[in-house]
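Participant: Model the structure of this input:
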Amino acid sequence: MIRFNVGAILLLLCVITAGCDKKEEALIATKEPEAVYGDFTLPQGEHDYDNNIVDFYKKYNTLILYKFEDKDIFWDVQRSINQCKYNPVTNKTTSGYLYTRADETYISQQLSLLHEKFFRYFSDDFLKQHLPRKIFLMDKYLLVSAGTGTPDKQTSVKYAATAGIDYLGVTGGGKEILTMTAAEKYTYKGEIVNFFLQRLISNGTIVPPAAFTDLTNYSLSMPTWEITYGNGIIDWNRRQPLTDWAAYVELLVKNTDAKLNATGGFLNPAIDNKGTIRKKCNVVINHFKTRFNIDLQAIGNEL
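Facilitator: Numbering: from 1, shown residues only. Next up is the predicted model:
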């Protein structure tokens, strides 16, 4: 790919608009790669997988990036993202989120995992319309507690993914990918798919139909779990229409039918005491199939 010398173009415009008599300068083509989006340029390296990343961009208009900066992750106009920081003078770590970029040695395996456990569940048309502008490849993404010592010495919670206004951050770009078990890949799949869909719910792309919200009385007093579950609420902290919808989507992509129907599962009669949860699950499943050609049930069931 080539790009034109921007300086030459600006100089040419200056000459024209100023009415100068100087001879126009010729446009100069360089061998540098084209900046396809903002500050980022593809390819970012010379690995075999860089060609696949470029092809992915050409097909879906989404940049898969493994070279990026803190500001790309932690700057977001929609919310404040607290970044974990370490002060070597005081030997203190502040609480917040911490990431490590993907190790370039394992990116080929990470891309294969993303295709296996994420992209293939969605049609090309859906991905073209709804993938974010950027996908950042990470090794780890952690929520770290404050304490004395370096961040790796603190208590932390591991996340498979994160999302911002125009990006997804996905983990799995480290040596641990070589020894991931089937159970770990199942959890990874649920987290990645859920983050992707939750982002579309939060930006208004995927909204609950009346057939879903009509099954629950959101103004009902729910002092007990029996009443709460009978009213079709599965998460006490998400008992408004949109958050309730999001909770059901998460439930379906992270659980198999067998688990949902087993003892302790949300579709077991001991919890789904009025059958409302099952009805709402069916509405969600059917809506995604007919509206988006996405089978949430199949995603959750595939081990």
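Participant: which element is T243 on?
Facilitator: Using DSSP states H and E, T243 sits within helix 241-254.
Participant: and that helix, how far from the chain's centre?
Facilitator: 16 Å (CA atoms, centre = their mean, to the nearest Å).
Participant: and Y99, that one's in a strand?
Facilitator: Yes: assessed with DSSP: H, G, I helix; E, B strand; the rest coil, Y99 lies in a strand.
Participant: Count the neighbours of it for me.
Facilitator: Burial of Y99 is recorded as 21 neighbouring residues (other CB atoms under 10 Å). C-beta coordinates here come from the backbone N, C-alpha and C atoms, glycine included.
Participant: Could I get the contacting residues of I81?
Facilitator: Contacts of I81 were listed using CB atoms under 8 Å, 6 or more residues apart in numbering, and they are 73-75, 97, 164.
Participant: With F74 instead?
Facilitator: 81, 83, 97.
Participant: how does it look with 6 Å?
Facilitator: Counting by CB atoms under 6 Å, 6 or more residues apart in numbering, F74 makes contact with 81, 83.
Participant: how far away is it from K85?
Facilitator: Distance, F74 to K85, using CB to CB, to the nearest Å: 11 Å.
Participant: Of all the residues in the helix or strand just after the helix holding T243, which ones are buried?
Facilitator: On the C-terminal side of helix 241-254, the closest following helix or strand by DSSP H and E is helix 257-261. For helix 257-261, a neighbour-count test (16 or more other CB atoms under 10 Å) marks L260 as buried.
Participant: rewinding a little: what's the closest of the contacts of I81 to Y60?
Facilitator: Nearest to Y60 among the contacts of I81 is G164, at 17.8 Å by CB to CB.
Participant: I'd say that closest one and S80 touch.
Facilitator: No: between G164 and S80 there is no contact under CB atoms under 6 Å: 11.8 Å.
Participant: Which of those two has more residues huddled nearby?
Facilitator: Legend: neighbour count by other CB under 10 Å for G164 and S80, higher for G164 (20 against 8).
Participant: What is the burial count for R239?
Facilitator: The number of residues packed near R239 is 18, by other CB under 10 Å.
Participant: Three-state assignment for it, please.
Facilitator: Secondary structure, three-state DSSP: R239 is coil.
Participant: pLDDT wise, what is it at?
Facilitator: For R239, the pLDDT comes out at 96.
Participant: Start the count at 92 instead of 1 going forward.
Facilitator: Yes, from this point I'll number from 92; that puts the last item at R330.
Participant: Now it: closest residue in space that isn't a chain neighbour?
Facilitator: Distances taken as CB to CB, 6 or more residues apart in numbering put I324 closest to R330, at 4.9 Å, once the chain neighbours are dropped.
Participant: In the stretch 142-291 of the chain, where is pLDDT below threshold?
Facilitator: For the stretch 142-291 of the chain, applying pLDDT under 70 flags the ranges 168-170.
Participant: Please enumerate the strands of it.
Facilitator: Using DSSP state E, counting those that start in this stretch, the strands of the stretch 142-291 of the chain run over 154-156, 177-178, 183-184, 187-192, 225-235, 238-239, 247-250, 252-254, 258-261.
Participant: just so I know, which of those strands lies nearest T315?
Facilitator: If you check each of these against T315 by CB to CB, strand 247-250 wins as the nearest, at 30.0 Å.
Participant: can you point me to the longest helix in this structure?
Facilitator: helix 273-293 (DSSP state H).
Participant: The helix or strand following that one: how far from the chain's middle?
Facilitator: Per DSSP H and E, the first helix or strand lying C-terminal to helix 273-293 is helix 301-304. Put simply, helix 301-304 sits 26 Å off its chain's centre (CA atoms, centre = their mean).
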